[in-house]
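[1] task: produce atomic coordinates for the following.
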Amino acid sequence: MIEIDGSFGEGGGQILRTAVALSAITKKDVKIKNIRQNRPKEGLKPQHLKSIETAALMCDANVKGLFPGSTQICFSPSEIKGFQKDIHIGTAGSIPLLLQSIMPVAAYSSGRTELRITGGTDVAWSPSIDYIEKVTLKALSKMGYKARIDIIERGYYPKGGGTIKIVIEPSDLKGHNFDKRTSAKNKVLGVSHCSNLPEHVAKRQADSAISILEENEIISDIKLETENFLSTGSGITLWSDHKGAVSIGKRGLPAEKVGSHAARFLVDELLSPTSVDIHLADQLIPYLGLAGKGSFTTREISQHCLTNIHVTEQLLDVKFSINKKDEVFEVVVE
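    I've put the predicted structure just below:
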């Protein structure tokens, strides 16, 4: 059994999601201790439980220590199988973060995986569902990953209630060098959305983002979505090739600031001579490790990225190297 210290690096849920996914694929038993030790409230939260439960269902795993507040689990996987299921995370638990646990596993399944997942599609401290669809899946498709997402209803904090459908086919992952620079010359696409709020909220978010992009001579096309879903909220996601930006609205935060935050982040990414943004960088690590080869360049190595490298190297027979030249970091798996 491989023992993993859950307090390593950023010490959050990322270690759990990556370790459980790679355990399922490699059929190596893992013990994860000190779970979320660096957080104000340590141990498993409901959304972590649901991620582990779903991964366990996919590979018929035996799991010990799976209860709220648990600081240690043992995960013993068996065969990965495709299945169809409705998953309810509860309230606004992040759907994109749950997907990080199960997407690698589904690629190694013996059959198609079809999930209808209810929870939060656009919540803080998480990629948005649009980012997963337009940035993450687009990048993974270069590695042979096959999946599609349908957004049925958006869910915001605290009520959640968002629903998506994802279909994942068994995939033969191959290495890929993400070496083509995504530059400011590329057109930026995006979606600005709100639910149970005046239409002008989504428009103000978009207009603010467009203004900043235009200041940097970047062309954009941002669609507006105004709906009346179960929960109330707003957000904006922007993307261009393998770079994206997410900003979520919250009470008291002007819509203009929501839009400008996303636009400024993406401008910084597009002006950097790199191939992927700092968030996609950490998401690619397990997949590159599974493929056994590949590379990318990014402007910053986040704690999430270092954490994913640490866990991936423990569970797979690979080694990552990080090389810095000027202000660009190149990550290569060997």
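
[2] list the contacts for the closest residue to Val188 other than its chain neighbours?
    Computed as C-beta to C-beta, 6 or more residues apart in numbering, the closest residue to Val188 that is not its neighbour in sequence is Ser220, at 4.1 Å. All C-beta atoms are positioned from the backbone trio N, CA, C, and that covers glycine. By C-beta atoms under 8 Å, 6 or more residues apart in numbering, the contact list for Ser220 reads 187-190, 209-210, 213-214, 238.

[3] ok, which pair from those residues is furthest apart?
    The largest distance within the contacts of Ser220, taken as C-beta to C-beta, falls between Leu189 and Glu214 and amounts to 14.9 Å.

[4] between those two, which one's more packed in?
    Neighbour count, other C-beta atoms under 10 Å: between Leu189 and Glu214, Leu189 has more, with 17 against 12.

[5] so that one sits in a strand?
    Yes. Judged by DSSP: H, G, I helix; E, B strand; the rest coil, Leu189 forms part of a strand.

[6] pLDDT weak spots in the stretch 51-200 of the chain?
    By pLDDT under 70, the low-scoring segments of the stretch 51-200 of the chain are 182-184.

[7] now the helices for it?
    95-107, 129-131, 137-141, 199-215 (DSSP state H, counting those that start in this stretch).

[8] which of these sits closest to Ile248?
    helix 199-215 (10.4 Å).

[9] give the buried residues for the closest one.
    Of all the residues in helix 199-215, those buried under the rule 16 or more other C-beta atoms under 10 Å are 201-210, 212-213.

[10] including pLDDT, could those residues go into CSV?
    Formatted as CSV, the buried residues of helix 199-215 follow (pLDDT from 0 to 100):
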residue, pLDDT
Val201, 98
Ala202, 98
Lys203, 98
Arg204, 98
Gln205, 98
Ala206, 98
Asp207, 98
Ser208, 98
Ala209, 98
Ile210, 98
Ile212, 97
Leu213, 97
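
[11] can I get those residues in CSV including distance to Val276?
    As requested, the buried residues of helix 199-215 are exported to CSV (distance: C-beta to C-beta, whole Å):
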residue, distance to Val276
Val201, 30
Ala202, 28
Lys203, 30
Arg204, 30
Gln205, 25
Ala206, 25
Asp207, 28
Ser208, 25
Ala209, 21
Ile210, 24
Ile212, 21
Leu213, 19
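
[12] what residues are up against Lys27?
    Counting by C-beta under 8 Å, 6+ apart, Lys27 has contacts 77-78.

[13] on that earlier part again, and the helices of the stretch 51-200 of the chain as a markdown table, adding distance to Arg116?
    Converted to a markdown table, those look like this (distance: least, C-beta to C-beta, whole Å):
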| stretch | distance to Arg116 |
| --- | --- |
| helix 95-107 | 11 |
| helix 129-131 | 13 |
| helix 137-141 | 17 |
| helix 199-215 | 26 |
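
[14] which one, of these, ends up nearest to Val332?
    Between Val332 and these, the shortest gap by C-beta to C-beta is with helix 137-141, which sits at 16.2 Å.

[15] and the contacts of the closest one?
    145, 147-149, 178, 241-242, 276, 280, 284, 287.

[16] pick out whichever of the residues you listed sits closest to Lys293.
    Closest to Lys293, out of all of the contacts of helix 137-141 and judged by C-beta to C-beta, is Tyr287, at 11.2 Å.
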